[in-house]
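**Student:** next comes the sequence, and after it the predicted model I'd like to discuss.
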Amino acid sequence: MEVFNFKKRLFFVFFDISLLLITFLSVYFGVNRLITYLLYPDVIVFSFFTVFSILFFLLTMPIIALSVNPIGKGRQANIVFQKNMGKAIILGLLFIIISTILFNVIFTNDLNKEGYIKCRGIPSGWMPGMAVKYALSEELCMKKLSAESHLVGR
């Protein structure tokens, strides 16, 4: 088992704080986007990363749990715990992938039932393939979204 000096332990503390911050922001923005989707505004820019960002903590929490032992005791966690955390990360990733696919299929079908049409082109501010714009009419497809105009419901 590797023993960690103070410098390495301090690195783990900052690593954990950074990972917690990234996780919190990911979940926060993902939940905000999901709430926007469920309000069914006139225009929706749909990204399949929304569910991934909400469930991102399933990947980061086992990583943080692995670094608790080096921070507190100054040595690696035992091998059984490390293997269990590795399995938790793999299961979390599988759950995230399945949940993302299911949500995307169900929600896009729901958008079609609600009368939304898929707009052509790449939504403003997004990279190709990262999001799809849906709107209730062709005119709305052509409009650029302002910061809060897409939050106005029907």
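**Tutor:** Perfect, I can see it now. None of these values were measured; they are calculated from a predicted model.
**Student:** so who does S26 touch?
**Tutor:** S53, I54, F56, F57 (Cβ atoms under 8 Å, 6 or more residues apart in numbering). From N, CA and C alone the C-beta is placed, and that goes for glycine too.
**Student:** most widely separated two among the residues you listed?
**Tutor:** By the measure Cβ to Cβ, S53 and F57 form the most distant pair in the contacts of S26, at 9.7 Å.
**Student:** what about those two, which has more around it?
**Tutor:** S53 (22 against 18; other Cβ atoms under 10 Å).
**Student:** separation between the more buried one and G30?
**Tutor:** Going from S53 to G30 by Cβ to Cβ, to the nearest Å gives 3 Å.
**Student:** repeat that for K133.
**Tutor:** Distance from K133 to G30, by Cβ to Cβ: 19 Å.
**Student:** likewise N78?
**Tutor:** 34 Å.
**Student:** circling back to that earlier point, just put the contacts of S26 in a markdown table and tack on pLDDT.
**Tutor:** Output for these, formatted as a markdown table (pLDDT from 0 to 100):
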| residue | pLDDT |
| --- | --- |
| S53 | 96 |
| I54 | 97 |
| F56 | 96 |
| F57 | 97 |
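**Student:** please produce JSON lines containing the residues you listed, extended by distance to C119.
**Tutor:** Below are the contacts of S26 laid out as JSON lines (distance: Cβ to Cβ, whole Å):
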{"residue": "S53", "distance to C119": "23"}
{"residue": "I54", "distance to C119": "24"}
{"residue": "F56", "distance to C119": "28"}
{"residue": "F57", "distance to C119": "32"}
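**Student:** what's next to stretch 135-148, contact-wise?
**Tutor:** 42-45, 115-117, 119-120, 123-124, 133, 149, 154.
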